[in-house]
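[1] have a look at this prediction, sequence included:
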Number of protein chains: 2
Amino acid sequence: MAAEKRGDGTVGKALDVLNEVAEIGSPVRFSSLLKTSKYPKATLYRLLQTLLNQNMLSYNDEEQTYKLGLKLVRMAHAAWLQSSLAPIALPFIDKLSDKVGETVHLAQLDNGQVLYVDKRNPSSPIEMYSQAGKVGPAYCTGVGKAMMAFLDEDALSRVISKQAFFKYTDFTITSEKELRKELSLIKKQGIAFDKQEHEVKIICISSPILSSKGRVIGGLSITSSIDIHSLESLQEFKPQLLKTSELIGKEAGAWNFPEQNN
Amino acid sequence: MAAEKRGDGTVGKALDVLNEVAEIGSPVRFSSLLKTSKYPKATLYRLLQTLLNQNMLSYNDEEQTYKLGLKLVRMAHAAWLQSSLAPIALPFIDKLSDKVGETVHLAQLDNGQVLYVDKRNPSSPIEMYSQAGKVGPAYCTGVGKAMMAFLDEDALSRVISKQAFFKYTDFTITSEKELRKELSLIKKQGIAFDKQEHEVKIICISSPILSSKGRVIGGLSITSSIDIHSLESLQEFKPQLLKTSELIGKEAGAWNFPEQNN
DNA sequence: AATCCTATTTCCAAATAATGGAACTAAGTT
DNA sequence: AACTTAGTTCCATTATTTGGAAATAGGATT
């Protein structure tokens, strides 16, 4: 499951181990890592030591466990500032969230997945899965589908090949064929809906953020729950959502935001 | 300025380069990096390629610039979840921010600096420097001083040795002697104030978060502006601030939060 | 369109670092 | 005391990294 690039020598291996620790998501012991690791004991050990030295991992003496280090939190802030749409989109998202009084998400495609790079909660937030930095599936979220719909065929097939098509809810799209049909509809309408495809009761309306050259650079969504909104009432946000996406796209152009993600 | 650990071989060098890119804070060209880098051209080039491969960096073809990659944003989310006090402290901070109606910061010490790991804005936020993931100086912020005051001498002198003592404002403490005096006062009072020491007009009241064994694991602050509050009126938040810090400390104990930072 | 930059990329033999099987230590268990 | 399991160190072998230099790419200038 872990991304495994060959030809990156030791650095690749070290980052591989870092990823493993990240994916486990809780403090891990050496022996536990060893079981699933493709590296021999001594090698794994040394890689861990190096990462510790570099503060990419931290070690709990008592528990003898490794976990991700604070260095990553620092770096990520810098990454977020310079590599995500978030700082550019910030004022626009604030405004949109204020106006519509619902949760707003800003996302980008990263390696076939939806990476949420920012989120605005209205005063009374609904309980939900997402957080800035969190990743989600592309094929069954509003932002994911909105972004996919506007990719060129090349990029699209690369992204589709990475979809798991796991059936989260009764409404989840679970085949490429269905998905492609949905995407062409979305492209026509300029807008995507999440009809409880990822989480029960959670719906959203979403639009892609396009660069001046028409390339997908991100996605924007307004999310709510069926207890509060219907798809029809979400539809009413369409003009504001599109307008905001357009403004962010323009601003990103001025900032020379890169157009390349897959 | 960049941390340079020896004996970490290639991995250390690669992370070194990554740090350099992070510290520059904006997209950089190869030649620009080369000027300040301690690595020869071919080496630097290959390190950058490796980092690109690993999605730790991204490259803008048109501009020929490197910047931090989204992979870092993803990893950091995991790091934040498993390595920071933030997820543990979340409900307590929400509640505190609600009650006092002012900005609340949660911070940890990382390498002699204050790392903000969470932040709550009241409905009408004041314009301010901080964000989750951002770092700040320890010697002239409320949380920084609060945490330092409760370190043991060993850890304290290590942290103090890393302070820059740059005079941000007329009120900034600029010598170890002054600082130590202030810290002993803070320890007596159990509470620290930032008296516009880092930013003009910005003041805060802050307390350390201590583990059950009395070790510093974080800091908590309520921040405002002199346009709204005086130090005296901030003082009124003291009981709530202390109570919240205590609760977070207890909760962290239950979660076996590590006590080790410097 | 030929020349001269300057920035980036590739090459390859020498230098260095990583590897991993095995041995060792430490801390429990029976 | 013998045994188990987990973590750490050793070191000759192997593989990767290194970096000076040369090649290439893409402007800018004559």
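    Structure received.
[2] separation between the closest residue to residue A:32 other than its chain neighbours and residue B:91?
    Spatial nearest neighbour of residue A:32, excluding adjacent residues (Cβ to Cβ, 6 or more residues apart in numbering or on different chains): residue A:24 at 7.9 Å. In this view, the C-beta of every residue, glycine as well, is placed from N, C-alpha and C. From residue A:24 across to residue B:91, the span is 25 Å (Cβ to Cβ, to the nearest Å).
[3] which parts of chain A sit against DNA strand C?
    Taking Cβ under 7 Å from any atom of the strand as the contact definition, chain A meets DNA strand C at A:10, A:13, A:39-43, A:46-47.
[4] if you count what's nearby, which of residue A:24 and residue B:91 comes out ahead?
    Taking residue A:24 and residue B:91 together and counting by other Cβ atoms under 10 Å in any protein chain shown, residue A:24 has the greater number of neighbours (17 against 12).
[5] need the pLDDT of residue A:34.
    The per-residue pLDDT reported for residue A:34 equals 87.
[6] count of residues packed around residue A:134?
    Burial of residue A:134 is recorded as 19 neighbouring residues (other Cβ under 10 Å).
[7] that one against residue A:116, yeah?
    Yes: at 5.2 Å, residue A:134 and residue A:116 qualify as touching, with contact defined as Cβ atoms under 8 Å.
[8] hmm, back to that, now the residues of chain A next to DNA strand C as a markdown table including distance to residue B:143, secondary structure and neighbour count?
    Below are those laid out as a markdown table (distance: Cβ to Cβ, whole Å; DSSP: H, G, I helix; E, B strand; the rest coil; neighbours: other Cβ atoms under 10 Å in any protein chain shown):
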| residue | distance to residue B:143 | secondary structure | neighbour count |
| --- | --- | --- | --- |
| A:10 | 38 | helix | 18 |
| A:13 | 37 | helix | 21 |
| A:39 | 39 | coil | 17 |
| A:40 | 43 | coil | 9 |
| A:41 | 41 | helix | 11 |
| A:42 | 41 | helix | 8 |
| A:43 | 40 | helix | 14 |
| A:46 | 36 | helix | 17 |
| A:47 | 34 | helix | 22 |
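[9] CA atoms of the host helix or strand of residue A:20 as CSV?
    In this structure, residue A:20 sits in helix A:9-24 according to DSSP states H and E. As requested, the backbone C-alpha atoms of helix A:9-24 are provided in CSV (Å, rounded to 0.1, in the frame of the first residue of the first chain):
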residue,chain,number,x,y,z
GLY,A,9,18.4,4.9,-2.5
THR,A,10,18.7,5.4,1.2
VAL,A,11,16.6,8.6,1.3
GLY,A,12,13.7,6.7,-0.3
LYS,A,13,14.0,3.9,2.2
ALA,A,14,14.1,6.3,5.1
LEU,A,15,11.0,8.2,3.9
ASP,A,16,9.4,4.8,3.4
VAL,A,17,9.9,4.0,7.0
LEU,A,18,8.6,7.4,7.9
ASN,A,19,5.5,6.7,5.9
GLU,A,20,4.9,3.4,7.6
VAL,A,21,5.0,5.1,10.9
ALA,A,22,2.6,7.8,9.6
GLU,A,23,0.2,5.2,8.3
ILE,A,24,0.0,3.2,11.4
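[10] next secondary structure after it?
    strand A:28-29.
[11] for the helix or strand that that next one is followed by, packing partners?
    If you walk from strand A:28-29 toward the C-terminus, the next helix or strand you reach (DSSP H and E) is helix A:30-36. Under the contact criterion of 3 or more Cβ pairs under 8 Å, 6 or more residues apart in numbering or on different chains; DSSP states H and E, helix A:30-36 touches helix A:9-24, helix A:41-53.
[12] just name the most buried of these.
    A comparison of the helices and strands packed on helix A:30-36 by mean neighbour count, using mean count of other Cβ atoms under 10 Å in any protein chain shown, puts helix A:9-24 on top with a mean of 21.
[13] make JSON lines out of the helices and strands packed on helix A:30-36 and add mean pLDDT.
    Formatted as JSON lines, the helices and strands packed on helix A:30-36 follow (pLDDT from 0 to 100):
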{"stretch": "helix A:9-24", "mean pLDDT": "87"}
{"stretch": "helix A:41-53", "mean pLDDT": "88"}
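[14] distance to DNA strand D added to those helices, as a markdown table?
    Shown next, in a markdown table, are those (distance: least, Cβ to the nearest atom of the strand, whole Å):
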| stretch | distance to DNA strand D |
| --- | --- |
| helix A:9-24 | 2 |
| helix A:41-53 | 4 |
